[in-house]
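*Asks:* coordinates only, no sequence provided:
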């Protein structure tokens, strides 16, 4: 269940209340998000669409604890992240959020395996355990045979799949995807969307996706539109 | 150690820049090691000076002699335990390049005043019994291949002619820094053969009973010979050696200035390198912070990279200079104690680490303070 009216029940994994975000640009306050409410239950796949500047990425940054709101609150799995200190927010991010970016953002000097292993370096897992987890994640995205390849040796679609493996390797509470297909051709984009859909359908991952691509958005269970900093509609769809 | 792969790969990503940076450290540390070695070599006399030894020379100049008769008169002064003397021979072996110091010594007292020098008793006895005998430091003996029983011709540049000596002994030092390049022969032999300057010696070395009273003893010696034809100047062996070095200029200051300029330049170069590295990797650092790397971890990653350059370059530079100094004195005898001590190498490594930390701290701080959202926008 996804709601934008602020009346979601206590079962929501993500609960956003009266979220405001404003920046000061050239001495003037620019309101990016205004009084936004959102409730997302566990296992949902939500796509956010909207024109440039509508606040999609800002919302994603706030949900991922990368930025702080001007006012309002965000609660994830019972933790009000807007009240956490910077250090605690960093630890929370490592534990609860998997990020997938438009430009993949892999470390070019590390192999696919080493890129996927990165989030696990922050855990207390042994080297053998880290290896097992990273290999499992790469196997899940269908790239176990490219384990020793560097990003420059992979196609765009493969790079994005490595990025997805990196995002899921520490088993985060939810995934945040910022235009994950924006830099891919159609076939690769479909592969990535298939993978995200499978993560939600088969593994129960909660996924929040920002996209300009209607075909990508179609794969989400719920499509939300952002306009001028507010969520204006929620369309419940059939499972793709 | 978990982050070693990431640090190492980041260092290796720009091979030319990394090589040049490490090379800069290596050259600077080579220079540091060389300057430290030269300073040690210049200061060897100061460093090994006995706390209980005084040196008495002619008040006018070191090259002016003193009467040999002063020995007995010095021994009568309170606080004086032992007196020996030596004269500079100034010879050369075969060629001008083959320089090593030759001293005509008072064989009766020399080893009692310089207990740090060791000569096997049998060799010393043979030397005492041989008027044309000599004892050579092991470094000089090794350099020229002198062995016991050899006959060594020395061209006397001051006294004229070629003097031949029998190698009766080879001496060693207790400590690494002891000078084992000298060539000793009988003062009596010099007295016998020379045509001029008879009855004179170059300088005296006095051993005092109580080092705490050395200053009073030195004053008593100079007072004893005041207003004579051969007035004296007496000082501690350390001050004498230090004054000898100062004749060549303020070596320590010179080395300090050169070292400071080199290291400051290195700091600017490596600091700029690290700043460039961080600037180029803004997006990657933001991603690390996004996936949960703490500020302190990011700071440490950048700092570790800077330290990595420094350590590699430092080790290469110090190893190179150590190898260079193992070949011995490159000046042909001017700097007989030409070696890089473990202490100086440790100091070099400490300086390297400090430079690495200093070069990396500002870029590391900026990386730590990086705002994720702004940095990701730049990717």
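*Replies:* Yep, that arrived. Nothing here was measured: the structure is a model prediction, and the numbers come from that model. Residues are numbered from 1 along each chain as shown, chains lettered A, B, ... in the order given.
*Asks:* regarding the chain, what is its longest helix?
*Replies:* All of this refers to chain A. Of all segments of type helix in chain A, defined using DSSP state H, the longest is helix A:186-203.
*Asks:* my question was about chain B
*Replies:* Under DSSP H, the helix in chain B containing the largest number of residues is helix B:295-326.
*Asks:* ok, the helix or strand following that helix near chain A or not?
*Replies:* Counting by DSSP states H and E, the next helix or strand C-terminal to helix B:295-326 is helix B:342-368. No - using Cβ under 8 Å from any Cβ of the partner chain, helix B:342-368 stays clear of chain A, with a minimum separation of 11.2 Å. (C-beta placed from N, C-alpha, C; glycine too.)
*Asks:* quick one: helix B:342-368 to helix B:295-326, angle?
*Replies:* Counting by axes from the mean of the first three to the mean of the last three Cα atoms, to 10 degrees, helix B:342-368 lies at 150 degrees to helix B:295-326.
*Asks:* pull out the buried positions in helix B:342-368.
*Replies:* B:344-345, B:348-349, B:351-352, B:355-356, B:358-361, B:363-364, B:366-368 (16 or more other Cβ atoms under 10 Å in any protein chain shown).
*Asks:* so what's the residue count around residue B:108?
*Replies:* Applying other Cβ atoms under 10 Å in any protein chain shown, we find 12 residues neighbouring residue B:108.
*Asks:* close to chain A, is stretch B:2-10?
*Replies:* Yes - interface with chain A: stretch B:2-10 contributes B:2, B:3, B:5, B:6, B:9, B:10 (Cβ under 8 Å from any Cβ).
*Asks:* residue B:161: what's it in contact with?
*Replies:* With contact taken as Cβ atoms under 8 Å, 6 or more residues apart in numbering or on different chains, residue B:161 is in contact with residue B:155.
*Asks:* tell me the SS of residue A:7?
*Replies:* coil (DSSP: H, G, I helix; E, B strand; the rest coil).
*Asks:* and the helix or strand harbouring residue B:54, what does it pack onto?
*Replies:* In this assignment (DSSP H and E), residue B:54 forms part of strand B:53-58. Where contact means 3 or more Cβ pairs under 8 Å, 6 or more residues apart in numbering or on different chains; DSSP states H and E, strand B:53-58 is packed against strand B:66-67, strand B:203-208, helix B:214-224, strand B:232-236, helix B:237-246.
*Asks:* including mean neighbour count, distance to residue A:3 and mean pLDDT, could the ones you listed go into TSV?
*Replies:* As requested, the helices and strands packed on strand B:53-58 are exported to TSV (neighbours: other Cβ atoms under 10 Å in any protein chain shown; distance: least, Cβ to Cβ, whole Å; pLDDT from 0 to 100):
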stretch	mean neighbour count	distance to residue A:3	mean pLDDT
strand B:66-67	18	108	96
strand B:203-208	23	98	94
helix B:214-224	17	95	93
strand B:232-236	21	92	93
helix B:237-246	18	87	75
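*Asks:* so where does the residue of the stretch 51-200 of chain B found nearest chain A fall, helix or strand?
*Replies:* Nearest residue of the stretch 51-200 of chain B to chain A (Cβ to the nearest Cβ) works out as residue B:176 at 44.6 Å. Using DSSP H and E, residue B:176 is not contained in any helix or strand.
*Asks:* so it makes contact with residue B:339?
*Replies:* Yes - the criterion here is Cβ atoms under 8 Å, and residue B:176 meets it with residue B:339 at 6.9 Å.
*Asks:* which of the two has more neighbours?
*Replies:* A count of neighbours by other Cβ under 10 Å puts residue B:339 above the other of residue B:176 and residue B:339, at 18 against 11.
*Asks:* check contacts around that one.
*Replies:* Residue B:339 makes contacts with B:37, B:40, B:176, B:325, B:326, as judged by Cβ under 8 Å, 6+ apart.
*Asks:* what's the weakest-modelled helix or strand in chain B?
*Replies:* Ranked by mean pLDDT, DSSP states H and E, the weakest helix or strand in chain B is helix B:44-48, scoring a mean of 62.
*Asks:* what's the answer for chain A, then?
*Replies:* Scoring the helices and strands of chain A by mean pLDDT, DSSP H and E places strand A:230-236 at the bottom, with a mean of 74.
*Asks:* and whichever residue of chain A sits closest to chain B, what helix or strand is that in?
*Replies:* When scored by Cβ to the nearest Cβ, chain A has residue A:94 as its residue closest to chain B, at 2.4 Å. If you go by DSSP H and E, residue A:94 is part of helix A:86-96.
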